[in-house]
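Engineer: no letters, just coordinates:
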C-alpha cells in the first residue's frame, strides 16, 4: 500500500536539490560566522548571500532580515519584541481569532503582562473585515498582527487593504506569512507591513530556520541575551547550513512558483472532483475561491475528526484536523469555532487536505477514492 501525503501545510518534504546544496556546507564550512579568520569569513560570506536572497524575495533590504529558528520564533519576536519596545506609547494590540497558536498564545502571554488585546472576528467565508480593524484602532494601539493565509482553511486575508488603512496611523503592522510565502508574491512595501514572518520548511526547505522581516526603524526588543548576532536582535551562533538550504529553497520556489501553484490547484480540483463523483456529502470551510492553491478544508457531516484521521492513516492517507501543532487532536478547531461558533458540528468533523511536492495526479486520485470509501463506511 502506497502511503500518500496530503499534509503539506504542516510541513513539506525537502527538495533533493536543497539537500545537495547543504551537504557540502555540513562537510566543509564549519567556521563561526563571527570569527575573523578565513574559516569564519567563509561562513559569513554564505550567510550574507543567503540573507540577500531572502530579502530580495520580499523586496526588502538585507539589513531588515532576522534569522530565526522558524515561524514560531519569528511571531514571538514580532509580537513580544515590538510590544516591549513600544509599551511607553500604548498597551493595545489587535489580532484575530483565527491566528496560528504561535501568535494567539503569544498574545495571551502579553495580556498577562498588562497589555490589552482585541481579537477580531471573522465572517462565514473565513475572512476578517478591514472595517473591524479600523473600528478597533485606538490612540494607544501599538501593533496590529493579522496572518496572511490561514493555516487551517487556506483563506487569504486582506493584508494589502489593512496596510493601506494603517498608513495613517502610528502603529506597527505584522503579518504571519508562513503559509503565504511560496504561493503568493510578497512585496513588503506594497503591503505596507513592518514585520513579516516566514519559515523554510513550508517551501521544501530545512526545518529549524525561518526569518522575521523587520522594517528599518522598527523598534524591537531582543527576547534572548548573549552575543550581538543579527544586529543585536537575535543572539546565538547563526545556522549557516540552514541558511544556505533556505536560500536554495527560495531560489527554486521563485523559479517554479507559478508552475507549482497551477499543479497544486490541479491536484485540489481533482480531489474534489473524485469526492463529487463518489457522491460524498461534504461542505467547504471558508470561501474556496479565496484560498491558496494548495489547501482545502472540508467538513464531512455525520463523522468526527478522531475516527476520520485514524481511518485515513490506516488506509495510508496522511491529512490533518488543522494546524500541525494540534494535528490528531479531538479538540474543536479554534479557527472553525471562530467561523461557525463553538458548538457547530463543522468544528469536529472537518479535515484539512494540503497538496504539494509529494503528490502526483495519480496518488491524489487514489487518495480521494480511499477517503470516499472511508466516509461511506463511517456515515452508514
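Structural biologist: Received it, and whenever you're ready, just let me know what you need. Note that the structure is predicted; figures quoted are calculated from it, not measured.

Engineer: any idea how far the residue nearest the centre of the chain lies from residue 7?
Structural biologist: Nearest to the geometric centre of the chain sits residue 178, at 2.5 Å (Cα atoms, centre = their mean). For residue 178, the distance to residue 7 equals 15 Å [Cβ to Cβ, to the nearest Å]. Where C-beta positions appear, they are placed from N, C-alpha and C, glycine not excepted.

Engineer: so, low pLDDT: which residues of the chain?
Structural biologist: Along the chain, the parts satisfying pLDDT under 70 run over 322-330.

Engineer: would you state the strands of it in chain order?
Structural biologist: In the chain, the strands defined using DSSP state E lie at 4-5, 65-68, 92-96, 116-120, 141-145, 172-176, 195-199, 210-214, 283-284, 295-299, 317-318, 350-354.

Engineer: got the angle between the fourth one and strand 92-96?
Structural biologist: Just to be clear, that refers to strand 116-120. If you take axes from the mean of the first three to the mean of the last three Cα atoms, to 10 degrees, strand 116-120 sits at 20 degrees to strand 92-96.

Engineer: what packs against strand 116-120?
Structural biologist: Secondary-structure packing of strand 116-120 (3 or more Cβ pairs under 8 Å, 6 or more residues apart in numbering; DSSP states H and E): strand 92-96, helix 101-112, helix 130-136.

Engineer: so which of these is the most surrounded?
Structural biologist: strand 92-96 (a mean of 24; mean count of other Cβ atoms under 10 Å).

Engineer: direction included, what does it pair up with?
Structural biologist: Applying DSSP bridges, strand 92-96 is found paired with strand 116-120 (parallel), strand 141-145 (parallel).

Engineer: can you redo those strands as CSV with distance to residue 196?
Structural biologist: CSV is the format used below for the strands paired with strand 92-96 (distance: least, Cβ to Cβ, whole Å):
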stretch, distance to residue 196
strand 116-120, 19
strand 141-145, 11
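
Engineer: now render those as CSV, adding mean neighbour count and distance to residue 55.
Structural biologist: Shown next, in CSV, are the strands paired with strand 92-96 (neighbours: other Cβ atoms under 10 Å; distance: least, Cβ to Cβ, whole Å):
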stretch, mean neighbour count, distance to residue 55
strand 116-120, 17, 30
strand 141-145, 24, 21
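
Engineer: wait, which of those is closest to residue 348?
Structural biologist: For those, proximity to residue 348 was assessed by Cβ to Cβ; strand 116-120 is nearest, at 21.6 Å.

Engineer: so the closest one versus helix 101-112, what angle?
Structural biologist: Comparing the axes of strand 116-120 and helix 101-112 via the same axes, to 10 degrees yields an angle of 140 degrees.

Engineer: ok, residues contacting strand 116-120?
Structural biologist: Strand 116-120 has contacts (Cβ atoms under 8 Å, 6 or more residues apart in numbering) with 91-97, 107-108, 110-111, 128-129, 132-133, 136, 146.

Engineer: please enumerate the helices of this protein.
Structural biologist: 16-28, 38-57, 71-76, 82-85, 101-112, 130-136, 159-166, 188-191, 240-277, 305-314, 334-340, 361-378 (DSSP state H).

Engineer: winner for burial among these?
Structural biologist: Neighbour counts (mean count of other Cβ under 10 Å) averaged over each of those peak at helix 71-76, with a mean of 24.

Engineer: that one - contacts with which helices or strands?
Structural biologist: helix 101-112, strand 172-176, strand 195-199, strand 210-214.

Engineer: look up how far residue 340 lies from residue 274.
Structural biologist: 26 Å.
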